[in-house]
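K.L.:
all I have is the shape, not the residue letters:
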């Protein structure tokens, strides 16, 4: 392996390590624009929650209704441990 290839390999390893460290901790909420232009929320579960802008706006508009529903149905709703 040439010196150039070794240097490039070491650079890529260092870059890979820095990207791993930059990844948010598990359970931390983070956001990303998907390839199709939707908003993906990471950190809620195994998979991201992805909705388009108008869907998020519609959902956020009823946030208080959702909170009230959760309170009213607390005994029937499960909590993920």
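P.N.:
Cool, got the structure. What you are looking at is a predicted structure, and each value in this text was computed from that prediction instead of being measured.

K.L.:
please count neighbours and contacts with C-alpha atoms only from this point.
P.N.:
Noted.

K.L.:
looks to me like residue 65 is in a helix.
P.N.:
Yes - per DSSP: H, G, I helix; E, B strand; the rest coil, residue 65 lies within a helix segment.

K.L.:
ok, it - how many residues close by?
P.N.:
12 (other Cα atoms under 10 Å).

K.L.:
next, the contact list for it, please.
P.N.:
By Cα atoms under 8 Å, 6 or more residues apart in numbering, the contact list for residue 65 is empty.

K.L.:
wait, isn't residue 29 in contact with residue 45?
P.N.:
No - taking Cα atoms under 8 Å as the definition, residue 29 is not a contact partner of residue 45, at 10.0 Å.

K.L.:
longest helix anywhere in the chain?
P.N.:
In the chain, with assignment by DSSP state H, the single longest helix is helix 3-22.

K.L.:
that one: what's the following helix or strand?
P.N.:
Counting by DSSP states H and E, the next helix or strand C-terminal to helix 3-22 is strand 30-33.

K.L.:
from the contact counts, what lies against that following strand?
P.N.:
Contacts defined by 3 or more Cα pairs under 8 Å, 6 or more residues apart in numbering; DSSP states H and E place strand 30-33 against strand 39-42.

K.L.:
note down every partner strand of the next helix or strand after the strand it packs on and its orientation.
P.N.:
Next helix or strand after strand 39-42 toward the C-terminus (DSSP H and E): strand 49-51. Sheet pairing of strand 49-51 (DSSP bridges) gives strand 39-42 (antiparallel).

K.L.:
returning to that earlier point: what's the average pLDDT for the longest helix of the chain?
P.N.:
Averaging pLDDT along helix 3-22 gives 87.

K.L.:
tell me which residue is most central in this structure.
P.N.:
With distances taken as Cα atoms, centre = their mean, residue 42 lies nearest the centre of the chain, 1.4 Å away.

K.L.:
list the contacts for the closest residue to residue 50 other than its chain neighbours?
P.N.:
Nearest residue to residue 50, sequence neighbours excluded (Cα to Cα, 6 or more residues apart in numbering): residue 40, at 4.1 Å. With contacts defined as Cα under 8 Å, 6+ apart, residue 40 is in contact with 31, 32, 33, 34, 48, 49, 50, 51.
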